[in-house]
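>>> Just the structure for this:
(chains A and B)
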Amino acid sequence: MSLKAFHLVFVTASVLLMLGLTAWCFGNYRRSDASMDLVWGAVALASAGALLVYGRYFLRKLKHISYL
Amino acid sequence: MDIPYTVKPRPDTGLYNAKVGIWLFLASEVMLFGAFFSSYILLRVGAPDGFWPDVATAWPHGLLNIPIGTFNTAVLIISSVTVLLAWASLKEGNLPKFKKFMAATILCALGFLAIKSYEYNEKFTHYVIRLKDGTAVTGHLDIDGKSPRFWSLATVEAKKLESIKVHVDVPNQFRYPVGFKHESHAEAEAKAGGHGAGEHAAREIKTADIALLQAFIPKTGTFFAIYFTMTFLHGLHVLGGAIVMAYIAFVGDGMWKTDPERYTNRIEVAGLFWHFVDLVWIFLFPVVYLL
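Next comes the predicted model:
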């Protein structure tokens, strides 16, 4: 597995982490009604989106490099 | 003598040798960290929730700084992006750009370690105090304006202090189990003489009333023992990775002139190790900080 393939795995794991963090923050917001939880949840969701955009960018940039 | 298959793929594996080597090494690392994660899960599911009745075996929640942990996670994610872009720059033949991305990666690694050190220091100055009447508080000591590390009741008694000033944590910050006799924030404020909302109430506690005074260090209990073990082991990997990457990028870069393909492969191998270290943190962060 090349660095390109491992990076793809890493970005996928990071997106899942950010989505999990979003759910965790929104869950806290439902329980506590603290607006900071809502803000942190929105930031985590935006980070997940940014990582997805970056994922597309890096795959295009390294399209000539093998996954092996 | 030439070392074989540093650039060309070996016919039987289809990969150059260093790549096979690093994946074998990473497989052993998976077993190392896997054992720690398994231990963590087994200890976690077998532990009573909160800090009561036994500080040593119970599993506290909310005692780690989640915003700082999240920021550190972002720092490591950025470092993985920069190490990939550094490798891509070498593939394009652009050494100056590669060095800039490697410098950014190493700065991220050092930033991560600096933040982690700050977090450790926060825990070394953070205490659980159980009183003889059964109440318990957590907070930071204030001894002549300083926040001492690693104190215990024996330290307070040895210094012959009649009372200690404690900046008590905001209650409900931690999920104490039902039956935990924790004083309310209003009670704490009343004892401290009144504070604004959200401020840490400071109060004097008589030494004679204290049953337990314990900083958050590995020997405090199971949670802190495995928290410090896993994060310190991970921190050592970050430090090792940063040293190796700094050496390859800024000391051993002469190979770029003589054998650029082999040099690029070295960076790929270092990048694979770095991604593994970052991936460990991607699992460590939610398990230790959030769950």
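
>>> Is it correct that residue B:127 falls within a strand?
Yes: under DSSP: H, G, I helix; E, B strand; the rest coil, residue B:127 falls within a strand.

>>> Which pLDDT value belongs to it?
Model confidence at residue B:127, expressed as pLDDT, equals 91.

>>> For the nearest residue to it once chain neighbours are set aside, give me its contacts.
Nearest in space to residue B:127, with sequence neighbours left out and distances taken as Cβ to Cβ, 6 or more residues apart in numbering or on different chains, is residue B:215 at 5.4 Å. In this view, the C-beta of every residue, glycine as well, is placed from N, C-alpha and C. Residues in contact with residue B:215 (Cβ atoms under 8 Å, 6 or more residues apart in numbering or on different chains) are B:123-127, B:149-152.

>>> for chain B, what are the nearby residues on chain A?
For chain A, the contact set with chain B under Cβ under 8 Å from any Cβ of the partner chain comprises A:1-4, A:6-7, A:9-10, A:13-14, A:17, A:20-21, A:24, A:40, A:44, A:47, A:51, A:54, A:58, A:61-62, A:65, A:68.

>>> Among the residues you listed, which ones are in strands?
Assignment to strands by DSSP state E places none of the residues of chain A next to chain B there.

>>> In ChimeraX, how would I select just the buried ones from those residues?
In ChimeraX, this line selects whichever of the residues of chain A next to chain B come out buried by 16 or more other Cβ atoms under 10 Å in any protein chain shown:
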select /A:2,3,4,6,7,10,13,14,17,20,21,24,40,44,47,51,58,62
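
>>> Mind checking which of the residues of chain A next to chain B are in helices?
Assignment to helices by DSSP state H places the following of the residues of chain A next to chain B there: A:3-4, A:6-7, A:9-10, A:13-14, A:17, A:20-21, A:24, A:40, A:44, A:47, A:51, A:54, A:58, A:61.

>>> Nearest the geometric middle of the chain, what residue?
Just so you know, I chose chain A. residue A:15 (2.3 Å; Cα atoms, centre = their mean).

>>> meant chain B actually
For chain B, residue B:231 is the residue whose C-alpha lies nearest the centre (Cα atoms, centre = their mean; 4.2 Å).

>>> pLDDT wise, what is residue B:185 at?
50.

>>> ditto for residue B:63
81.

>>> cool, and residue B:139?
87.

>>> Contacts only, for residue B:24.
Taking Cβ under 8 Å, 6+ apart, one finds nothing in contact with residue B:24.

>>> pLDDT score assigned to it?
According to the model, residue B:24 scores 97 on pLDDT.

>>> beta partners of residue B:168?
For residue B:168, the beta-bridge partners under DSSP bridges are residue B:139, residue B:201.

>>> isn't it right up against residue B:142?
No: taking contacts as Cβ atoms under 8 Å, residue B:168 lies outside contact range of residue B:142: 10.6 Å.

>>> got any residues that touch both of the two?
The contact lists of residue B:168 and residue B:142 share residue B:202, where a contact means Cβ under 8 Å, 6+ apart.

>>> So between those two, which is more surrounded?
A count of neighbours by other Cβ atoms under 10 Å in any protein chain shown puts residue B:168 above the other of residue B:168 and residue B:142, at 22 against 16.

>>> Residue B:277 - that's part of a helix, no?
Yes: secondary structure of residue B:277 (three-state DSSP): part of a helix.

>>> The closest residue to it other than its chain neighbours: what's it in contact with?
With sequence-adjacent residues excluded and distances taken as Cβ to Cβ, 6+ apart, residue B:277 is closest to residue B:237, at 4.6 Å. When contacts are counted by Cβ under 8 Å, 6+ apart, residue B:237 touches B:29, B:277, B:280.

>>> I'd like to know how far the residue nearest to the centre of chain B sits from residue B:281.
9 Å (Cβ to Cβ, to the nearest Å).

>>> do residue B:166 as well
33 Å.

>>> Residue numbers of chain B in contact with chain A?
Contact residues, chain B versus chain A (Cβ under 8 Å from any Cβ): B:14-15, B:19, B:23, B:67, B:70, B:73-74, B:77, B:80-81, B:84, B:87-88, B:91, B:268, B:271-272, B:275-276, B:278-279, B:282-283, B:285-286, B:290.

>>> Any of those residues buried? List them.
Judged by 16+ other Cβ under 10 Å, buried ones among the residues of chain B next to chain A: B:15, B:19, B:23, B:70, B:73, B:77, B:80-81, B:84, B:87-88, B:91, B:268, B:271-272, B:275-276, B:278-279, B:282, B:285-286, B:290.

>>> Mind checking which of those residues land in helices?
B:19, B:23, B:70, B:73, B:77, B:80-81, B:84, B:87-88, B:91, B:268, B:271-272, B:275-276, B:278-279, B:282, B:285.

>>> which residues does the nearest residue to residue B:209 once chain neighbours are set aside bridge with?
In space, and not counting its chain neighbours, residue B:209 is closest to residue B:131: 5.1 Å by Cβ to Cβ, 6+ apart. Beta bridges link residue B:131 to residue B:210 when assigned by DSSP bridges.

>>> Just list the residues touching residue B:131, thanks.
Residue B:131 touches B:137, B:205, B:209-211, counting by Cβ under 8 Å, 6+ apart.
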